[in-house]
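S.K.: Provided below for reference: sequence and predicted model.
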Amino acid sequence: MLERMGTSLFVTIAVMTVIVAITAGLFARGRSSRALLAGIGFTLLPLGLFLTGHVGSTGERHRA
């Protein structure tokens, strides 16, 4: 269980890092606050999916 959680956490952090890099590039090019806010929102999506999956899987284990 810990290995799978560690791998999924690593992938989540890697995806978030790529999204932050793209957001920084778009913001630096145009200085658009819209690009910055959209990038922040897209960056938080993988984190939310990870937390939802982690909480959901722990809840299933406790019921069984």
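M.R.: Thanks, I have the structure now.
S.K.: what residue lies at the spatial centre of the chain?
M.R.: For the chain, the residue nearest the mean C-alpha position is residue 46 (2.6 Å; C-alpha atoms, centre = their mean).
S.K.: pretty sure it is touching residue 10, no?
M.R.: No: look at residue 46 against residue 10 with C-beta atoms under 8 Å: they stay out of range, at 11.6 Å. Yep, even glycine has a C-beta here, placed from its N, CA and C like the rest.
S.K.: Residue 20 contacts residue 44, correct?
M.R.: No: between residue 20 and residue 44 there is no contact under C-beta under 8 Å: 10.7 Å.
S.K.: quick one: the helices in the chain?
M.R.: Here the chain has its helices, by DSSP state H, at 2-30, 33-63.
S.K.: tell me, which of the ones you listed is the model least confident about?
M.R.: The minimum mean pLDDT among those belongs to helix 33-63 (a mean of 78).
S.K.: ok so, going back, which residues are in contact with the residue nearest to the centre of the chain?
M.R.: Taking C-beta atoms under 8 Å, 6 or more residues apart in numbering as the contact definition, residue 46 lies against 12, 15-16, 19.
S.K.: Now residue 43: closest residue in space that isn't a chain neighbour?
M.R.: residue 19 (4.8 Å; C-beta to C-beta, 6 or more residues apart in numbering).
S.K.: what's the distance between that neighbour and residue 47?
M.R.: Residue 19 sits 10 Å away from residue 47, going by C-beta to C-beta, to the nearest Å.
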